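A.B. asks: I'd like to go over a predicted model; first the sequence, then the structure.
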Amino acid sequence: MARPYSIDLRTKIVNAYKNKKATQGEIAEMFGVGLATVGRYWQDYCKKGEVKLTMHRHGPLPELSGNKLEKVKQLVISNPDATLDELCKYYNKNRKTKVGRSMMWRACKKLGFRVKKKSLYAQECNRDDIKKRGKNTKR
């Protein structure tokens, strides 16, 4: 992606057109920019009274940010062995906003946590019947 033109260049373009030194086409050739660029800078100047860079953010804001992200952090610290599904279940328990695995994964990634992946065998070891049987068996 191309970098935006500097504010200095934008100001020179607007001032050149404001002082009627040349037409928009001539100014575009002088400064090596497109004709639409000169027109856009002039429109911005007329609307806002100044020429400045505008920041664009694409897409919606993340659902888990700020206070909610802090709650996820506390949740992960209190349940260090939980999988993504378990974290989602714990988080969704008393909240209006329901989060899914991908949303929880992005929140954990932002916080710098690694997420546990338990195998089916590891999950079965936590069942009560397996625990009882495991105590009596010798390997």
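C.D. replies: Ah, there it is. Residues are numbered from 1 along each chain as shown.
A.B. asks: list the buried residues of stretch 99-110.
C.D. replies: Val99, Met103, Met104, Trp105, Ala107, Cys108 (16 or more other Cβ atoms under 10 Å). For every residue, glycine as well, the C-beta is placed using N, CA and C.
A.B. asks: gap between the two ends of stretch 55-70?
C.D. replies: Distance across stretch 55-70, first residue to last, is 27 Å (Cα to Cα, to the nearest Å).
A.B. asks: contacts for it, please.
C.D. replies: Under the criterion Cβ atoms under 8 Å, 6 or more residues apart in numbering, residues Val72, Thr97, Val99, Met103, Met104, Arg106, Ala107, Lys110, Leu111 lie in contact with stretch 55-70.
A.B. asks: can you say which two of those residues are spatially most distant?
C.D. replies: Among these, the pair separated by the greatest distance (Cβ to Cβ) is Thr97 and Leu111, at 17.6 Å.
A.B. asks: let me know the closest of the buried residues of stretch 99-110 to Gly25.
C.D. replies: Of those, the one sitting nearest to Gly25 (Cβ to Cβ) turns out to be Met103, at 49.5 Å.
A.B. asks: what sits against the closest one?
C.D. replies: Met103 makes contacts with Glu63, Leu64, as judged by Cβ under 8 Å, 6+ apart.
A.B. asks: can you tell me the SS state at it?
C.D. replies: helix (DSSP: H, G, I helix; E, B strand; the rest coil).
A.B. asks: for Arg127, see how far away it is.
C.D. replies: 29 Å (Cβ to Cβ, to the nearest Å).
A.B. asks: how is this protein partitioned into domains?
C.D. replies: With domains defined by automatic domain parsing, the chain comprises 7-48, 67-128.
A.B. asks: can you flag the weakest of those domains by average pLDDT?
C.D. replies: If the domains of the chain are sorted by mean pLDDT, domain 67-128 sits at the bottom with a mean of 84.
A.B. asks: next, the buried residues of stretch 50-62.
C.D. replies: Val51.
A.B. asks: and for stretch 79-98?
C.D. replies: So for stretch 79-98, counting by 16+ other Cβ under 10 Å, buried means Ala82, Thr83, Leu84, Leu87, Cys88, Tyr90, Tyr91.
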